[in-house]
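1. Take a look and give me a structure for this.
(3 chains)
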Amino acid sequence: MSANTATAPAKALPPRVALRTWVAIALFAGFALVPVLAGLIDDPFLLVTATRIVVFAIAAMALDLILGYGAMVSFGHAAYLGIGAYAVAILSAYGITDLGLHLLAAVMVSAVFAAITGGISLRTRGVYFIMITLAFGQMAYFFFVSLSAFGGDDGMTLGRRSTVFGQPLLEDNLVLFYVALGFLVALYAFSAALVRSRFGRVLTGTRENRIRMQAIGFAPFPYQLTAFVISGCMTSVAGVLLANQSEFVSPAFMNWHRSGELIVMVVLGGIGNLTGAIGGAMIALLLEDWLSLLTRHWRLFFGLFLVLVVLYAPGGVTGLIRRIRGGPP
Amino acid sequence: MTSLFLLQLLNGVQFGVLLFLIAAGLTLVFGIMDFVNLAHGVLYMVGAYLMATFAMITGSFAAGLALALAATLVFGLVLELLVFRKLYDRSHLDQVLATFGLVMIVNEGVRIIWGTSPLTVPMPPLLAGSIPLVGPLQYPVYRLAIIAAGLVTALGLWLVINHTRVGMLLRAGATNRSIVSALGVNVSRLFTLVFAFGAMLAGFAGAIISPILSVDTGMGESVLILAFVVIVIGGIGSIRGAFLGALLVGVVDTLGRSFGPILLRTIMDPSAASQTGRTLAPMVVYILMAAILFARPAGLFGRNTS
Amino acid sequence: MKTKMRVLAPILASSLLAGAAAAADDVKIGLMFTLSGPAATLGEQGRDGFLLALEQIGDLGGLPTEVVVVDDEQKPDVAANKARELVARDEVDFVVGPTFSNIALAIHKPVTESGAVLISPNAGPSPFAGAECHPNFYVTSYQNDQMHEVMGAHAKEQGYDNVFLMAPNYQAGKDSLSGFKHSYDGGIAGEIYTQLGQLDFSAELAQIAAMQPDALFTFMPGGMGVNLVKQYRQAGLASIPFLSAFTVDESTLPAQQDAALGFFSGANWAPDMDNEQSRAFVTAYEEKYGTVPGSYAMHGFDTALLLDAALRAVDGDLDDKEGLRKALEAADFQSLRGEFAFGPNHYPIQDFYLAEVVKRDDGKFQTSIVRKIFDDYQDNYAEDCEMPE
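-> Below is the predicted model of the structure:
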């Protein structure tokens, strides 16, 4: 049954591909104009919110890469967010403040962690996969909780943001925002190219029919593991940016609720098309902000929203658009 | 040392029995309906809150427990009819999302109804106090009662599943769902029954633990993850697996916490041992799960899905 | 657009204040407490204590006062963002909060760097008491370690020589045990770090039973403490003295009830504090909110008094940063706990007591002062602080 719902995006007709790319470009252009808007209405905080959205969009997009295209529901992806954030914090504590080195360390550690845990997790399927990734996420969480030299459960404040070529450029919120946006656009382009490549086709092929892929000579495991590692590394980039944005790191970045929130973002936007994940991150964060302004009991309404979306708008925003355009459900 | 070990073993078994009560319903729902229910933990919480309320109103532990059980059963039925029923033929992702939302709704709802302060349930006088074990060591009677209640429930479940018609359908359903509906069984009613019964078991766990633990809104979450670990270790859909998995997790977690640092001290110096012990103790259960899944990807008693 | 939980201070007799309000600026205060999740009770007490004072004073320093209440959700990253929002979007002059130390670490930088003043009515983390002290950061409660030092001193005075120590495995837990050992030099029966958020202590209690120590010292805030206290009594260990910090107080006693009777705690105040103002506060608080106020509420109340006094000292001139700082440092207000002064690091110098849980005639539970342990006590970090001019 789940396989049926998942087939729809794979049969995407060429015009729809164009639409989602256009939507993505429109979203990027919209993001690029946020600082102007913030200046017009004199609300510097808008930029902070926008930076968070962009950062979580990167993480959600990375998750969509394996969740949407590879049908691997990772419930422990927040771990990579945490690894990225701690790469900044730990290196900075030793006086290494360069953004490039932070990114390099984050990506390398994530690649190793993803290769090991992915190698074990991918032996399982379905619900078992969800649960074992959750378990690895919790292990990473508890590891950082007991890392008392770097604040343990309390987390630690960053003295300063990462430097670029020795210059404290990111201290300016505006620069940080455009750097984050630059990463989002670049990683979107990379992901879009990846899913269109032969590699991406094998991945989606495995999602649709594993046996057939094996029959025509593809062993799914190396492809799935590679995708899992790539996704982990991309998420850790979001972690590096998140640490810079909040100037604070804590194990709270990586508890299982955060992993759940990443899934929420991907599914809200619609899985398996990258653009949806970006939209989902935007909707989830803005809705949370807006509801918490209205009521202290915002979680009640946020939960209600999630249940209603699943019940009455399956496929998230992209599913909705598809239905409005009269495509297959 | 041996008597302390015995005491810790009892503690581990008691924790395991509690986990079993929660995991039993979860594994049935998982196995038979192929349904990921993140909201199972809140049923445990709701059971405890209802127990606190009914015990206070009636002034009696037994009456409170009976009412709480009935109320969680009804609560489970309502949830099934309103939400879950519509999700059975959806993807796992949709189920994760909807039940994640449900967790938020119920947690916040409980906070609105009962407030944010933790509640407490008085210990029934009959079961208060401790019995002496060895030397200065004592064991609370109430914890023994929990172990007994859990074992009786496990036995009852075993009888129902292996020796009744409903049990036969459940076993058939866990193995092959389409066959059961092909047999002309009203699958929808069976699902509702299983779900409500599972909710009641989780509520029962919450209700009987409430005299020991404070009743608060976070209580469902830590238990939920451990219950997932239990059923994945045991094999999804297997009651026997859930029982053994629960005891394994309960005992390993308890002994790991108390004897892990002592064991480590024999191979490294004390300060390093205590630091390593502290780091490892919370991870032991997850390491156990990863190791078991590495060896047996479908758990101890699960069918191989591939 | 901005329909945040705003609580406009009640405008008193308009004729009296109309002139002042027209002439002076508004003062805008952001309250940040943990108002959701399992620990919400503590945050609610702090918020309610502050708002109660505001209601009694009317307007702080005679300035029209606007209060923005936000919930930090006990998540440091959420808190850091909301703190940024308070200073950047709401442009508050003061942030009062938070409840927990890890939140304080997260919001310290965004608030103080913006030029706003951060006053913590509960969390008193060690880094900001020492080398990282900041001119825009004040603490009206205590430095965290002090409560543990109180219990260490008490254990030493009692002549205990075999104390069992237990705390959750996180920074505050480790600080707690080292704080205890700072003023206690007797023997240690055992030392356990439990998992943060652990609710069943059967394994640890079994070890304590096997050791039969002279006393237990523990730090188990919130729900952990509720469970530990109940299980400690159920396990038949209540004959072993229960010394604690932040484990039995007015926020947890409604759930612990009889199980906590006779258990000890360190305190800088208790609801039976013997002074007129404190008695009036407890009565007013219980009347309005229906619960017994703990030190969380008292600190909130005191913080509002401090702000009121400081704003009056500068005649409501918020632009007089230098004068405002001097006025805050002078702390020229009547604290509910009696004597109160700021040390050079902006942490309080005050008396500390041993408190015990008692049952009142009306059936409610509260802590009660047994005896004074420290007189005009300052934290151990103050000397590392070189406050920038």
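
2. ok, which residues in chain C are in contact with chain B?
-> By C-beta under 8 Å from any C-beta of the partner chain, the residues of chain C that approach chain B are C:36-38, C:40-41, C:44, C:169, C:191, C:193-195, C:197, C:199-200, C:202-204, C:206-207, C:209-210, C:212, C:223, C:226-227, C:230-231, C:234-236, C:251-252, C:254-257. Every residue, glycine included, has its C-beta placed from N, CA and C.

3. what about 6 Å?
-> Within chain C, the positions adjacent to chain B are C:38, C:40-41, C:169, C:193, C:195, C:199, C:202-203, C:206, C:209-210, C:212, C:223, C:226-227, C:234-236, C:254-255 by C-beta under 6 Å from any C-beta of the partner chain.

4. you'd agree A:Val109 is up against A:Gly84?
-> No - the pair A:Val109 / A:Gly84 is not scored as a contact, 8.7 Å apart, by C-beta atoms under 6 Å.

5. between these two, which one's more packed in?
-> A:Gly84 (34 against 19; other C-beta atoms under 10 Å in any protein chain shown).

6. tell me the contacts of the more buried one?
-> A:106, A:236, A:239-240 (C-beta atoms under 6 Å, 6 or more residues apart in numbering or on different chains).

7. Quick check: which element contains it?
-> helix A:78-93 (DSSP states H and E).

8. The closest residue to A:Tyr223 other than its chain neighbours and A:Ile271: what is the separation?
-> Of all residues not flanking A:Tyr223 in the chain, A:Val202 sits nearest, at 4.9 Å (C-beta to C-beta, 6 or more residues apart in numbering or on different chains). As for A:Val202, its distance to A:Ile271 is 19 Å (criterion: C-beta to C-beta, to the nearest Å).

9. cool, and C:Ala215?
-> Counting by C-beta to C-beta - C:Ala215 and A:Ile271 are separated by 57 Å.

10. Please say which of these two ends up with more neighbours.
-> Neighbour comparison, C:Ala215 and A:Ile271: the larger count goes to A:Ile271, with 28 against 21 (by other C-beta under 10 Å).

11. part of a strand, is the more buried one?
-> No - under the criterion used here (DSSP: H, G, I helix; E, B strand; the rest coil), A:Ile271 is coil, not part of a strand.

12. That one contacts A:Ile66, correct?
-> No - judged on C-beta under 6 Å, A:Ile271 makes no contact with A:Ile66 at a distance of 10.5 Å.

13. give the contact list for the residue nearest the centre of chain C.
-> Nearest residue to the geometric centre of chain C (C-alpha atoms, centre = their mean): C:Asn122, 2.6 Å. For C:Asn122, the contacting residues are C:46, C:99, C:141, C:296, C:299, by C-beta under 6 Å, 6+ apart.

14. In terms of helices and strands, where is the fourth one?
-> Right, the one you point to is C:Tyr296. With DSSP H and E as criterion, C:Tyr296 is part of helix C:295-313.

15. which residues sit against that helix?
-> Residues from elsewhere that reach helix C:295-313 (C-beta under 6 Å, 6+ apart): C:42, C:45-46, C:49-50, C:53-54, C:57, C:60-61, C:96, C:119, C:121-122, C:140-141, C:269, C:281, C:327-328, C:332-333, C:335-336.

16. do the same with stretch C:372-380
-> C:129, C:143, C:146, C:150, C:153-154, C:343, C:347, C:349, C:351-354.

17. ok, which residues in the stretch 1-150 of chain B are in contact with chain A?
-> B:86, B:89, B:91, B:93-94, B:97-98, B:100-101, B:104-105, B:108.

18. so how many other residues sit close to the closest residue in space to C:Gly222 that isn't next to it in sequence?
-> Setting aside the residues directly before and after it, C:Gly222 is nearest to C:Ala39 in space (C-beta to C-beta, 6+ apart), at 4.8 Å. Neighbours of C:Ala39 under the rule other C-beta under 10 Å: 22.

19. what separates C:Ala39 from A:Asn255, distance-wise?
-> With C-beta to C-beta as the criterion, C:Ala39 and A:Asn255 are 16 Å apart.

20. And the residue nearest to C:Gly222, what's its pLDDT?
-> Reported pLDDT at C:Ala39 in the predicted model: 77.

21. any low-confidence regions in the chain?
-> Picking chain A for this. A:1-18, A:327-329 (pLDDT under 70).

22. I was thinking of chain C, sorry if that wasn't clear
-> C:1-24, C:38.

23. ok so, going back, relative to A:Phe165, which of the contacts of A:Gly84 is nearest.
-> A:Val240 (16.4 Å; C-beta to C-beta).

24. Next, the contact list for that closest one, please.
-> A:Val240 touches A:84, A:88, A:102-103, A:106, counting by C-beta under 6 Å, 6+ apart.

25. quick check, it in a helix?
-> Yes - looking at A:Val240 with three-state DSSP, it is inside a helix.

26. Could you pick out the residues of the stretch 151-300 of chain A near chain C for me?
-> A:152-155, A:157, A:246, A:248, A:250, A:252, A:293.

27. run the last query once more with 8 Å
-> A:151-157, A:242, A:246-248, A:250, A:252-253, A:292-294, A:296, A:299.

28. Those in strands, which ones?
-> Among those, the ones falling in strands (DSSP state E) are A:156-157, A:248.

29. out of the residues you listed, who has the most neighbours?
-> Neighbour counts for those (other C-beta under 10 Å) peak at A:Phe248, which has 28 neighbours.

30. Tell me the buried residues in whatever helix or strand B:Leu65 lives in?
-> Per DSSP H and E: B:Leu65 is located in helix B:61-82. The neighbour-count check on helix B:61-82 (16 or more other C-beta atoms under 10 Å in any protein chain shown) flags B:61, B:64-65, B:67-69, B:71-73, B:75-77, B:79-80 as buried.

31. can you pull out the helices in chain C?
-> C:14-23, C:40-57, C:76-88, C:101-113, C:145-157, C:171-183, C:202-211, C:223-234, C:253-256, C:276-289, C:295-313, C:321-330 (DSSP state H).

32. got those helices as JSON lines, with mean neighbour count columns?
-> Below are the helices of chain C laid out as JSON lines (neighbours: other C-beta atoms under 10 Å in any protein chain shown):
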{"stretch": "helix C:14-23", "mean neighbour count": "11"}
{"stretch": "helix C:40-57", "mean neighbour count": "24"}
{"stretch": "helix C:76-88", "mean neighbour count": "25"}
{"stretch": "helix C:101-113", "mean neighbour count": "25"}
{"stretch": "helix C:145-157", "mean neighbour count": "24"}
{"stretch": "helix C:171-183", "mean neighbour count": "21"}
{"stretch": "helix C:202-211", "mean neighbour count": "21"}
{"stretch": "helix C:223-234", "mean neighbour count": "25"}
{"stretch": "helix C:253-256", "mean neighbour count": "24"}
{"stretch": "helix C:276-289", "mean neighbour count": "16"}
{"stretch": "helix C:295-313", "mean neighbour count": "26"}
{"stretch": "helix C:321-330", "mean neighbour count": "16"}
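
33. As JSON lines, these with distance to B:Thr53 would be great.
-> As requested, these are arranged in JSON lines below (distance: least, C-beta to C-beta, whole Å):
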{"stretch": "helix C:14-23", "distance to B:Thr53": "46"}
{"stretch": "helix C:40-57", "distance to B:Thr53": "19"}
{"stretch": "helix C:76-88", "distance to B:Thr53": "31"}
{"stretch": "helix C:101-113", "distance to B:Thr53": "32"}
{"stretch": "helix C:145-157", "distance to B:Thr53": "34"}
{"stretch": "helix C:171-183", "distance to B:Thr53": "33"}
{"stretch": "helix C:202-211", "distance to B:Thr53": "26"}
{"stretch": "helix C:223-234", "distance to B:Thr53": "18"}
{"stretch": "helix C:253-256", "distance to B:Thr53": "14"}
{"stretch": "helix C:276-289", "distance to B:Thr53": "22"}
{"stretch": "helix C:295-313", "distance to B:Thr53": "27"}
{"stretch": "helix C:321-330", "distance to B:Thr53": "47"}
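
34. quick one: the spatially closest residue to C:Val163 that is not a sequence neighbour and C:Leu305, what's the gap?
-> For C:Val163, ignoring the flanking residues on the chain, the nearest one in space by C-beta to C-beta, 6+ apart is C:Ala215 at 5.1 Å. Distance, C:Ala215 to C:Leu305, using C-beta to C-beta: 37 Å.
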